[in-house]
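Peer 1: Take a look and give me a structure for this.
(chains A and B)
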2 protein chains.
Amino acid sequence: MPNKSYSVLDEKLKHIQTVCSIADILGWDEQVNLPEKSVDQRQEQKVVMTRLMQEAITEPELNDLLVDLENDSSLDEAQQVVVKDFRITYDRRTKLPLEFLEEKTIAQTEAYHAWVAARKASDFQAFAPHISKQVELSKRMAEYFGWGDRPYDLMIDLHDPGMDAETIDCLFTELKKELAPLVSRILDSDVKANADILKGFPIPQQKEFLEQVTRALGFDYSRGRIDISPHPFCSGNGADIRMTTRFKEDIPLESLFGAIHESGHGMYEQGLPKDQLHTALGSAAGMGVHESQSRLWENQVSRSQSFWNFFEPKFRETFHDQLKEVSSDDLYLAINSVDRTPIRVDSDEVTYNLHIIIRFEIEQKLFSGELSVSELSEYWNTQYNELLGVEPKDAAEGVLQDVHWSYGAFGYFPSYCLGNMLAAQLWYAALDALPGLELDFEKGDFSRLLNWLRENVHQHGKTYYLKELSEKATGQPLSSKALIKYLKDRYLPLYT
Amino acid sequence: MPNKSYSVLDEKLKHIQTVCSIADILGWDEQVNLPEKSVDQRQEQKVVMTRLMQEAITEPELNDLLVDLENDSSLDEAQQVVVKDFRITYDRRTKLPLEFLEEKTIAQTEAYHAWVAARKASDFQAFAPHISKQVELSKRMAEYFGWGDRPYDLMIDLHDPGMDAETIDCLFTELKKELAPLVSRILDSDVKANADILKGFPIPQQKEFLEQVTRALGFDYSRGRIDISPHPFCSGNGADIRMTTRFKEDIPLESLFGAIHESGHGMYEQGLPKDQLHTALGSAAGMGVHESQSRLWENQVSRSQSFWNFFEPKFRETFHDQLKEVSSDDLYLAINSVDRTPIRVDSDEVTYNLHIIIRFEIEQKLFSGELSVSELSEYWNTQYNELLGVEPKDAAEGVLQDVHWSYGAFGYFPSYCLGNMLAAQLWYAALDALPGLELDFEKGDFSRLLNWLRENVHQHGKTYYLKELSEKATGQPLSSKALIKYLKDRYLPLYT
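Peer 2: Here you go, the predicted structure:
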């Protein structure tokens, strides 16, 4: 007999998900389509959606249902996951006054537009007050949630449930110890990649090629699309995924790997149980797991020799003139180029982790008060100099490069690196489980890997958080070991 | 001292408008961007938006405010317009059960998709039940509204407040009497336009050219955009207008004039008082007035010799190879080609009105019961044969050609023709008021006309409905006289 209270909860969660999915479309549209002077109306729409989401999520009847279900021993395990997860959401949301949420929504939009302008003008002072405001809002949220003594842990928990700064600190310390010498070894090599050999790739063909690639990997374009936006992202859910990329004629690999990365996010969402998109069972486990999917497809898969054995002829067919002077070896090296760059999103997968470690340390200090916003830009540059051996030439190339802080997404950056760790672990686990996997790639067949990920990662939704999922799917606790091994396996043969 | 109740009403109307504008974006996105298998989620989103709009519009406190304000002698005239207009909306909406609205939303989406499929397969039987359903829903709505004895008048009133079938019948009878012989005279002429001379116009350049034209006319792209959809339309409001067009390489005039038409709608919306978009003062007066704006820019302005004296060199610059064998006279004749065609949207501005008259008569008979849905397709063809001398070769070319009935938009078609009448009246009034107006066009300057329309039409919002606006803006009651004069002025010199 179906549980009556559970059915009612299920219906209400469906309604919440629908309301949230409307807000998602507005958010996507804002970045992809919104005319420049239509911002005010969009702001009002977002405030209304914030209110509607809050009303839907904090409806008092939901508490009665949750209490009922928490005391109901007949629920199966999956139902218990749903109830437990929504309890957390409900309790947190009901602690937030609507005025706070509206203030946050407005401050985010203002900060976003201030950030766009400040980055353009390379003017840190213009953006600094917005960072302070976002930190303040985050700390107030922590107070509301009862996490007032460890607001940064809350920020992390919001992106990766169950994770905290101390755990990440241990993982990153271990990673840094191994990574720093590896980076030096690669950069000291006489072998140098040259990405400048790729010039004049027309954008319509770039778009066609990346759609061909992402379709082959398994992204389902009948439930999603890719468009252009200044800052690539992936939004929506498995029923309607909206990815974006950006094109530059002389940097064709950026849009290609960017699109593959977003497709990895998209395939994860598309692999979540379709009939449970409104519950924890059909929701992503967190940003670390999300990034493990995007980074796995972007790096382990699509920078591999076997991938390019299949796609290089197609790439050359599409861009015959542009590639006729480029040898296969030089192309592959350009794809796997490693270099010092001040910009995270331009960086390779080896040094990328150092960019993240810098941000994690800065965010910690910012929240502990060890570092003030006014010192931020200078401290940033010092850290880049020290850890990456590169000095940002201005604030635009330094502290202003990322969008995240403009919408208060502190605690997000670590997820990228945690995702890299999990991606490497999943990669070796998949290679173990699927003999001859890379031979599939040579034939353009990625289905065994996608199915393995569906079974070992996607189908679980939010049942297991990052650490538990790592154990379940790879048999290993989350650590930097596999990542270091993978980077050595892939890059040392190229750079010696 | 500001009126307290009025301020509260004003705030609530703002909220309603914001909610409706979100629904608009979803509707636009559905036709422009939605991935094919994402329809189900969009359906759920639309049902939620229907509910939210209904809740916002029928909030009981609004009635108290309205009663207050209706008995308040201190309101100024503009405020009285707002109160009176919202009273109509409020009374109608509160009479509709939410279940009815949800049923209607779902039935519309189903009918739309059935129509797309039926038109593709030219299968009238597959779509017929949906027409019946839409007629039935319209009649039920009329019952709820207390218009049960004249449901078709309600349908007309929903598109053009204050208008009814009897008035339209008189106007159309008079129009038909003059128009039929004029059409024969033009079509019997030895002069024949040849639109087939325009071939192979690349789509990116078409898009660039039409943006150049519509920008010159006065469409503000900082508050709007144009995209591609299967069926061109214009949605949104002055804060964010979303227009669409469609491109065919061998029919460049279709996308160009389509885009100009939609820009006419867009410029009307953009000309409404910006701070009153949420009240009747910033709302369109009805579809007839809306169409008068789109048709005026499309026809009177953009098919004129003076318009082309300015734009022809630019057109030739953009499409040098495609136009090098085409003489100026042949080009201008192609722009003003008149021909028998079974398809309304392909038809010229002369015969267009006959397409509308057929639809108006059919809708009347459908609502009076004189004609059953099963007889519709055959009757349609007979009428086309009789009035236009053309026989649709199948249902796709006949009764299935228009999208309107799939969303229950009966009573909309007459507005196109009423709009043509008003457009011609406005045209002569503007020519009177603005000496040398067409000389402006020769210089690519359309600002005097736009400003005149802003002052005489746009700024009034919904203060005057179609008939009253006609008197106010042109000094003449609405009639077919100016339209007939205009068609004779423009087309007889070409076709003799």
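Peer 1: Can you give me the neighbour number for whichever residue of the stretch 51-200 of chain A sits closest to chain B?
Peer 2: Chain B sits closest to A:Leu52 of the stretch 51-200 of chain A, with a gap of 6.6 Å, by CB to the nearest CB. Every residue, glycine included, has its C-beta placed from N, CA and C. Around A:Leu52 there are 21 other residues, counting by other CB atoms under 10 Å in any protein chain shown.
Peer 1: Near chain B, which residues of chain A are found?
Peer 2: For chain A, the residues in contact with chain B (CB under 8 Å from any CB of the partner chain) are A:14-15, A:18-19, A:21-22, A:25-26, A:29, A:33-38, A:40-42, A:44-45, A:48-49, A:52, A:220-225, A:237, A:239-240.
Peer 1: so after the strand or helix carrying A:Ile25, what's the next helix or strand?
Peer 2: Of the helices and strands defined by DSSP states H and E, A:Ile25 is found in helix A:4-32. Heading C-terminal from helix A:4-32, the first helix or strand you meet, by DSSP H and E, is helix A:39-58.
Peer 1: quick one: contacts of the helix or strand that that following helix is followed by?
Peer 2: Next along the chain after helix A:39-58, taking DSSP H and E as the criterion, comes helix A:60-70. Here helix A:60-70 makes contact (CB atoms under 8 Å, 6 or more residues apart in numbering or on different chains) with A:3, A:5-6, A:8-9, A:12, A:75, A:79, A:83, A:86-87, A:90, A:94.
Peer 1: got the buried residues for stretch A:40-48?
Peer 2: Buried residues in stretch A:40-48, defined by neighbour count with 16 or more other CB atoms under 10 Å in any protein chain shown: A:41-48.
Peer 1: so where's the stretch 151-300 of chain A uncertain?
Peer 2: The model of the stretch 151-300 of chain A has no residue with pLDDT under 70.
Peer 1: Which parts of it are helices?
Peer 2: Counting by DSSP state H, counting those that start in this stretch, the stretch 151-300 of chain A has helices at residues A:151-159, A:165-187, A:203-217, A:252-271, A:287-295.
Peer 1: Pick the most buried one from those.
Peer 2: helix A:287-295 (a mean of 27; mean count of other CB atoms under 10 Å in any protein chain shown).
Peer 1: got the angle between that one and helix A:165-187?
Peer 2: 20 degrees (axes from the mean of the first three to the mean of the last three CA atoms, to 10 degrees).
Peer 1: ok and helix A:287-295 relative to helix A:151-159, angle-wise?
Peer 2: Using the same axes, to 10 degrees: helix A:287-295 against helix A:151-159 is 50 degrees.
Peer 1: Quick one: residues in contact with helix A:287-295.
Peer 2: Residues from elsewhere that reach helix A:287-295, judged by CB under 8 Å, 6+ apart: A:159-160, A:163, A:234, A:261-265, A:267-268, A:284, A:349, A:412, A:414-416, A:418-423, A:426, A:453, A:457, A:466, A:469.
Peer 1: re the thing from before, who are the contact partners of the residue of the stretch 51-200 of chain A closest to chain B?
Peer 2: Contact analysis of A:Leu52 by CB under 8 Å, 6+ apart lists A:19, B:52.
Peer 1: mind redoing it with 10 Å?
Peer 2: Counting by CB atoms under 10 Å, 6 or more residues apart in numbering or on different chains, A:Leu52 touches A:16, A:19-20, A:22-23, B:19, B:22, B:48-49, B:52, B:55.
Peer 1: Repeat that for A:Arg225.
Peer 2: For A:Arg225, the contact set (CB under 10 Å, 6+ apart) comprises A:28, A:32, A:211, A:219, A:236, A:240-244, A:266, B:33-35, B:38.
Peer 1: What's the mean pLDDT across stretch A:333-353?
Peer 2: Mean per-residue pLDDT for stretch A:333-353: 95.
Peer 1: Tell me which residues of that stretch come out buried.
Peer 2: Buried residues in stretch A:333-353, counted by 16+ other CB under 10 Å: A:333-338, A:341-342, A:344, A:347-353.
Peer 1: what's the burial count for the residue lying closest to A:Arg42 once chain neighbours are set aside?
Peer 2: Using CB to CB, 6 or more residues apart in numbering or on different chains and skipping residues adjacent in sequence, the residue nearest A:Arg42 is A:Glu30, 5.4 Å away. Neighbour count of A:Glu30, defined by other CB under 10 Å: 18.
Peer 1: Span of stretch A:346-357 from start to end?
Peer 2: Terminal residues of stretch A:346-357 lie 16 Å apart, using CA to CA, to the nearest Å.
Peer 1: hey, C-alpha coordinates of whichever strand or helix holds A:Arg92 in PDB?
Peer 2: Counting by DSSP H and E, the element that carries A:Arg92 is helix A:77-95. Provided in PDB are the C-alpha atoms of helix A:77-95 (Å, rounded to 0.1, in the frame of the first residue of the first chain):
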ATOM      1  CA  GLU A  77      15.700   3.100   2.300                       C
ATOM      2  CA  ALA A  78      15.200   5.300  -0.800                       C
ATOM      3  CA  GLN A  79      12.300   7.000   0.800                       C
ATOM      4  CA  GLN A  80      14.300   7.600   3.900                       C
ATOM      5  CA  VAL A  81      17.000   9.300   1.900                       C
ATOM      6  CA  VAL A  82      14.400  11.600   0.400                       C
ATOM      7  CA  VAL A  83      12.900  12.500   3.800                       C
ATOM      8  CA  LYS A  84      16.300  13.000   5.400                       C
ATOM      9  CA  ASP A  85      17.600  15.200   2.600                       C
ATOM     10  CA  PHE A  86      14.500  17.400   2.500                       C
ATOM     11  CA  ARG A  87      14.500  17.800   6.300                       C
ATOM     12  CA  ILE A  88      17.900  19.500   6.000                       C
ATOM     13  CA  THR A  89      16.600  21.800   3.200                       C
ATOM     14  CA  TYR A  90      13.400  22.500   5.100                       C
ATOM     15  CA  ASP A  91      15.100  23.300   8.400                       C
ATOM     16  CA  ARG A  92      17.600  25.600   6.700                       C
ATOM     17  CA  ARG A  93      15.100  27.400   4.600                       C
ATOM     18  CA  THR A  94      12.700  28.000   7.400                       C
ATOM     19  CA  LYS A  95      15.500  29.700   9.400                       C
END
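Peer 1: Summarise which helices and strands it is packed against.
Peer 2: Applying 3 or more CB pairs under 10 Å, 6 or more residues apart in numbering or on different chains; DSSP states H and E, one finds that helix A:77-95 makes contact with helix A:4-32, helix A:39-58, helix A:60-70, helix A:124-145, helix A:151-159.
Peer 1: Pick the most deeply packed of the ones you listed.
Peer 2: Mean neighbours per residue, mean count of other CB under 10 Å, is largest over these for helix A:151-159, with a mean of 23.
Peer 1: Could you check the angle that one makes with helix A:124-145?
Peer 2: Taking the same axes, to 10 degrees, one finds helix A:151-159 and helix A:124-145 inclined to each other by 80 degrees.
Peer 1: Can I get helix A:151-159 as PDB, trimmed to CA atoms?
Peer 2: In PDB, the C-alpha atoms belonging to helix A:151-159 read as follows (Å, rounded to 0.1, in the frame of the first residue of the first chain):
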ATOM      1  CA  PRO A 151      30.700  29.900   8.500                       C
ATOM      2  CA  TYR A 152      33.300  28.700   6.000                       C
ATOM      3  CA  ASP A 153      32.500  25.100   6.800                       C
ATOM      4  CA  LEU A 154      28.900  25.900   6.000                       C
ATOM      5  CA  MET A 155      29.900  27.400   2.600                       C
ATOM      6  CA  ILE A 156      31.700  24.100   1.800                       C
ATOM      7  CA  ASP A 157      28.800  22.000   3.100                       C
ATOM      8  CA  LEU A 158      26.400  23.900   0.800                       C
ATOM      9  CA  HIS A 159      28.500  22.800  -2.200                       C
END
